[in-house]
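Colleague: Build me a model:
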Amino acid sequence: MEHSTGAVNWQPHNLAKAPGELLRESLGHVARGSEGAMFFQWRASRAGAGKWHSAMLPHAGTDSRIWREVMELGSALANLGPVASSTVDTDVAVVFDYASGWAAEAPAQPSADLTTFNEVRRWYGALWRAGITADFAPPGGDLSRYRLVLVPALYLVSDADAANLVSYVDSGGTVLVGPYSGIVDENDQVRPGGYPGAFRDLLGVRIEEYHPLLPGEFAKLSGGSAGTVWRELGRSTGAEVLESYVDGPVAGSPAVTRNGRAWYVSTRLDEPSLDRLVGQVCAAAGVTAVLTGAPDGLEAVRRRHPDGTAYLFLINHAGTAATVAGTGTDLLSGAYVAGEVSVPAGGVVVLRDSTEEE
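Modeller: Below is the predicted model of the structure:
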């Protein structure tokens, strides 16, 4: 996984990384499937476009924090050798498709504020805050291993890929679809007959018109949730209506629906509302957090070999130490912990599960 040791050079304001952030980010990538860490660039350029981009060997040389943290990372990766070739434990996939995102960014959309890439980040963020690990998957990929598939924004989708998602639900999977999805085919031609087009029958709703919101406006929902940016005028054709719009030109139209194992949300929920909905759908699908009751800022991800050997990554992004249940050997320090483990502020612990040590 390629990233940077410190500041990049292509943003309006290129902030340096905080102490320890290089290690946390790198091991966070490893926790979620990377087999190592790569950086642009090895030695900081003295001239040209890359001269203000960070490097493993900065302008300051080896007597620098960045160089010491690079060396620390190298030692950590060496200690994590046993993790190589294991896979990430997850029951959730987030559908992501570049072609669909690019198509949705074309000019003359109903709203410039409903963007695919931002929605994908927001929905993934809801999972992260809930402590739930997720893969990214293409719409036409094999989804059979997942209990739950989130489709935050899939404006463009082929018949084959739409059928793949329908088949996944028919086979027992649970899906949550976001607004402005299933609208056009792979040639960017609108599917007639009402939105959400390719997913109309799957979701049991029929939308006839979009009613975008202006910046700063909100849509009140009957269950106490709030929507921003986007609203849809429509009706249920079989889905259970969990929340509806309570005001404006779409009053009474469904905002959150459930059609068996297929859920739909027709607005861009604010963060608290999105967190509640994602939590509700996860519970219905039988998806749980890696660690129950983990404190805010503690990232927990588990990787596993086919023989059952597992490794629990605990990455503390908070400014205070975090203590959670855990037993096993920390591959980074070599220490054995029993019953509970304390992760220092800004620190990382990688436990080899105790069951593999007995």
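Colleague: contacts and neighbour counts: CA atoms only from here.
Modeller: Fine.
Colleague: So Ala84 versus Arg304, what's the distance?
Modeller: 10 Å (C-alpha to C-alpha, to the nearest Å).
Colleague: And these two? Which one has more around it.
Modeller: Ranked by neighbour count (other C-alpha atoms under 10 Å), Ala84 and Arg304 place Arg304 first, with 19 against 16.
Colleague: Who are the contact partners of the most centrally placed residue in the chain?
Modeller: For the chain, Tyr124 is the residue whose C-alpha lies nearest the centre (C-alpha atoms, centre = their mean; 2.4 Å). Residues near Tyr124 by C-alpha atoms under 8 Å, 6 or more residues apart in numbering: 94, 134.
Colleague: host element of it?
Modeller: According to DSSP states H and E, Tyr124 maps onto helix 116-129.
Colleague: ok, then the element right after that helix?
Modeller: Sequence order places strand 135-137 as the next helix or strand after helix 116-129, per DSSP H and E.
Colleague: buried residues in that following strand?
Modeller: By 16 or more other C-alpha atoms under 10 Å, the buried positions in strand 135-137 come out as 135, 137.
Colleague: ranges for the helices of the stretch 251-358 of the chain?
Modeller: 271-285 (DSSP state H, counting those that start in this stretch).
Colleague: looking at it, Tyr159 is touching Asp185, isn't it?
Modeller: Just to correct that, residue 159 is Asp rather than Tyr. Yes: judged on C-alpha atoms under 8 Å, Asp159 makes contact with Asp185 at a distance of 7.1 Å.
Colleague: between those two, who's got more neighbours?
Modeller: Neighbour count, other C-alpha under 10 Å: between Asp159 and Asp185, Asp185 has more, with 18 against 13.
Colleague: isn't the more buried one right next to Asp161, touching?
Modeller: No: Asp185 is beyond contact range of Asp161, at 10.0 Å (criterion: C-alpha under 8 Å).
Colleague: show me where pLDDT drops low in the stretch 201-350 of the chain?
Modeller: Low-confidence segments of the stretch 201-350 of the chain (pLDDT under 70): none present.
Colleague: I'd like the distance between the spatially closest residue to Leu269 that is not a sequence neighbour and Leu148.
Modeller: With C-alpha to C-alpha, 6 or more residues apart in numbering as the criterion, Leu269 has its nearest non-adjacent residue at 4.3 Å, and that residue is Gly227. The gap separating Gly227 from Leu148 is 23 Å, by C-alpha to C-alpha.
Colleague: what about those two, which has more around it?
Modeller: Leu148 (28 against 23).
Colleague: Confirm for me that that one is in contact with Gly172.
Modeller: No: counting by C-alpha under 8 Å, Leu148 stays clear of Gly172, with 9.6 Å between them.
Colleague: which residues sit in contact with Met1?
Modeller: The contact partners of Met1, by C-alpha under 8 Å, 6+ apart, come to 29, 34-38.
Colleague: Mark which of those are part of strands, please.
Modeller: In this view, those that belong to strands under DSSP state E are Met38.
Colleague: Pull out the buried members of the contacts of Met1.
Modeller: Buried subset of the contacts of Met1 (neighbour count, 16+ other C-alpha under 10 Å): 29, 34-37.
Colleague: Specify which member of those is nearest to Ser64.
Modeller: Ala37 (19.8 Å; C-alpha to C-alpha).
Colleague: Name the nearest residue to that closest one, sequence neighbours excluded.
Modeller: Per C-alpha to C-alpha, 6+ apart, closest to Ala37 is Met1, 5.3 Å.
Colleague: now the one you found: how far from Glu72?
Modeller: According to C-alpha to C-alpha, Met1 stands 17 Å off from Glu72.
Colleague: before we move on, back to that, how about the helix holding Tyr124: buried residues?
Modeller: For helix 116-129, the buried set under the neighbour-count rule, 16+ other C-alpha under 10 Å, comprises 116-117, 119-120, 122-128.
Colleague: Also stretch 144-160?
Modeller: By neighbour count on 16+ other C-alpha under 10 Å, the buried set for stretch 144-160 is 146-158.
Colleague: Tell me how far it lies from the chain's centre.
Modeller: Its chain's average C-alpha position is 14 Å from that of stretch 144-160, according to C-alpha atoms, centre = their mean, to the nearest Å.
Colleague: Can you give me the end-to-end span of that stretch?
Modeller: 16 Å.
Colleague: same check, this time on stretch 194-205
Modeller: Taking C-alpha to C-alpha as the criterion, the two ends of stretch 194-205 lie 9 Å apart.
Colleague: Same check on stretch 238-248?
Modeller: Calculated as C-alpha to C-alpha, the first-to-last residue distance of stretch 238-248 is 24 Å.
Colleague: Next, the buried residues of that stretch.
Modeller: By 16+ other C-alpha under 10 Å, the buried positions in stretch 238-248 come out as 238-246.
Colleague: Identify those among these that sit within strands.
Modeller: Of these, the ones assigned to strands by DSSP E are 240-244.
Colleague: quick one: which of the buried ones among the contacts of Met1 is nearest Ala137?
Modeller: Distance to Ala137 across the buried ones among the contacts of Met1 (C-alpha to C-alpha) is lowest for Ser34, with 15.7 Å.
Colleague: how close does that closest one sit to Glu25?
Modeller: 11 Å.
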